[in-house]
Every structure is written in structure tokens, then in C-alpha cells.
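Undergrad: sequence and predicted structure are below.
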Amino acid sequence: MTEDKERWNKRHVEKPMRHNVEPIIEKYIGAADVGEALDIACGVGRNTHFLAEKGFLVDAVDISDYALSQIQDIKAIKKFDVDLDTYNLEINKYDLIVNINYLSRRLIPQMKEALRSGGVIIFETFIIAHGEFTQPVNPEFLLRKNELLHAFIGLDVIYYEERQDVNLRGEATMVASLVARKE
């Protein structure tokens, strides 16, 4: 954990990411009832702050204590300095779960269980791409074609797409996006 924490702290300091909310969250926030939200691998809180502004009580989880220190200290946000390789989600707790630019296949079944009935998940991350695309090097952190869609079978899919996009540093990449509701 210490090695990952140091690597992510360094990355946040040396290569800051944009601070605006992810467009998919802005577009689909209305699909979720305002209540409790979870922002997985929240970074410096660009999505966390947006959710709090919309009235959600947000659990913001990340391994980087530096990134978490950049998140506002307000009543609507609880910050958790955790290793997502071992962290477990609480069952039936959240009305909204946001997972952007992060992949832990171990957490996917837990995300489904952590949603309350009627809860919404907004999930977007990188997929395997060929050609002139920037992507994580480790295939553990890349989805295969349609993998995200299949991972959330059993939920009511509101939106799904795989497309070319631009990452937080302005580089061309491929992403999969999903918005789904637990019935």
C-alpha cells in the first residue's frame, strides 16, 4: 500500500489532472435519487465536489492522501484514505456510485451489492485499444470489448457506449461508459 500511495501522491503533484466534473456524471446525475453517494478512486475530488453540490452525502475513497487533502472539508463529504485492493463496500448503502478512470474487477460485484434498490451506477474507464491511443500499460486496468456491459448484467442499463475519448491529460484513448440502475 505504501508504494502505491507514494506513486499516486507523486502523480497528483507532478501531473495534475483537470478539475471539472466528468461529462457523463453531469449528464446522468438526474437518474439517481439524491442521497448517499460513493466516489471510488476520487482523486482530488472533481466529481466528489459536484455530487456534494447536488445535495449528495459523499463517501470519497482514494489511496492518495495528497489527493484527499485537496478535497474540501465540508459536512457533505467524508474522506477515506484506503487501499482499494483490500477495501470492501458496505452492502445496500448507496443511492449513487461513481467509478471514473479506475478498474478493480474485484469491486464490481460489491458495487452491485452496495447499491440500494433504485440506486444508480455511473462507471467509465479505459478499454483495450490498438493504434495511436494512450492507455494504462497493465492489462489488469483495461476492459475488454463489452466487458463492462456484461459485468453489470442484472441491472437496468440506461446508457452504454464504447468510444474514442480524451483522457484527463488531453491524450487520445478508448473508454467504455455505463449508467445502470438496480431495480
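TA: Yep, that arrived.

Undergrad: residue 115 reaches residue 99, doesn't it?
TA: No. The criterion here is Cβ atoms under 8 Å, and residue 115 misses it with residue 99 at 11.8 Å. From N, CA and C alone the C-beta is placed, and that goes for glycine too.

Undergrad: hey, what's in contact with both of these two?
TA: Shared contacts of residue 115 and residue 99, defined by Cβ atoms under 8 Å, 6 or more residues apart in numbering, are found at residue 121.

Undergrad: hmm, residue 20 is touching residue 44, no?
TA: No. If you go by Cβ under 8 Å, residue 20 and residue 44 don't touch, sitting 11.5 Å apart.

Undergrad: looking at the two, which is more packed in?
TA: Using other Cβ atoms under 10 Å as the criterion, residue 20 and residue 44 rank with residue 44 on top: 21 against 11.

Undergrad: so that one sits right up against residue 19, yeah?
TA: Yes. In this structure, residue 44 is within contact of residue 19 by Cβ under 8 Å, at 6.9 Å.

Undergrad: excluding its backbone neighbours, what's nearest residue 49?
TA: Leaving out its chain neighbours, the residue that sits closest to residue 49 by Cβ to Cβ, 6 or more residues apart in numbering is residue 72, at 6.4 Å.

Undergrad: can you classify that neighbour as helix, strand or coil?
TA: Secondary structure state of residue 72, per DSSP: H, G, I helix; E, B strand; the rest coil, is coil.
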